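Asks: Okay, sequence plus prediction incoming.
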Amino acid sequence: MLAGSIDGAKIENFTFTDESSTQGATQIGNPMEFLAGEGINTTASGQTLTIAGELASTSNIGVAKFSSDNFTVSSGDVTVTTVDGGSF
């Protein structure tokens, strides 16, 4: 364990980039905010940050599961391969 204290100015900033290489930074000890977006939830609890996908619906972009018997999915695009009529 470290005895004493360290001047915050001697600690470098925490830097990060997003998916389009835009860079951001925050000083160690300052809060960093993770924002949810369409189809994404964020939850902080203690020392844990959870980023999770929301389930898709007719009104919400999100995560979905498709039966391989009737659909193919490639790069996020869903294609109907079989229309069996089913029972209604």
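Replies: Alright, I've got the coordinates.

Asks: So which residue is dead centre in the chain?
Replies: The residue lying closest to the centre of the chain (Cα atoms, centre = their mean) is residue 51, at 4.6 Å.

Asks: Would it be right to say that it lies in a strand?
Replies: Yes: Residue 51: assigned to a strand according to DSSP: H, G, I helix; E, B strand; the rest coil.

Asks: OK, contacts around it?
Replies: 34, 40, 41, 42 (Cβ atoms under 8 Å, 6 or more residues apart in numbering). Heads up, the C-betas are built off the backbone N, CA and C, glycines and all.

Asks: Skipping its backbone neighbours, what lies nearest the third one in space?
Replies: Pointing back at residue 41 there. residue 52 (5.1 Å; Cβ to Cβ, 6 or more residues apart in numbering).

Asks: could you flag which of the contacts of residue 51 are buried?
Replies: Burial by neighbour count, 16 or more other Cβ atoms under 10 Å: within these this picks out no residue.

Asks: Nearest residue to residue 34 in space, please, no chain neighbours.
Replies: residue 42 (4.7 Å).

Asks: Residue 80 versus that neighbour, what's the distance?
Replies: 33 Å (Cβ to Cβ, to the nearest Å).

Asks: just residue 24 next, same as before
Replies: Distance, residue 24 to residue 80, by Cβ to Cβ: 41 Å.
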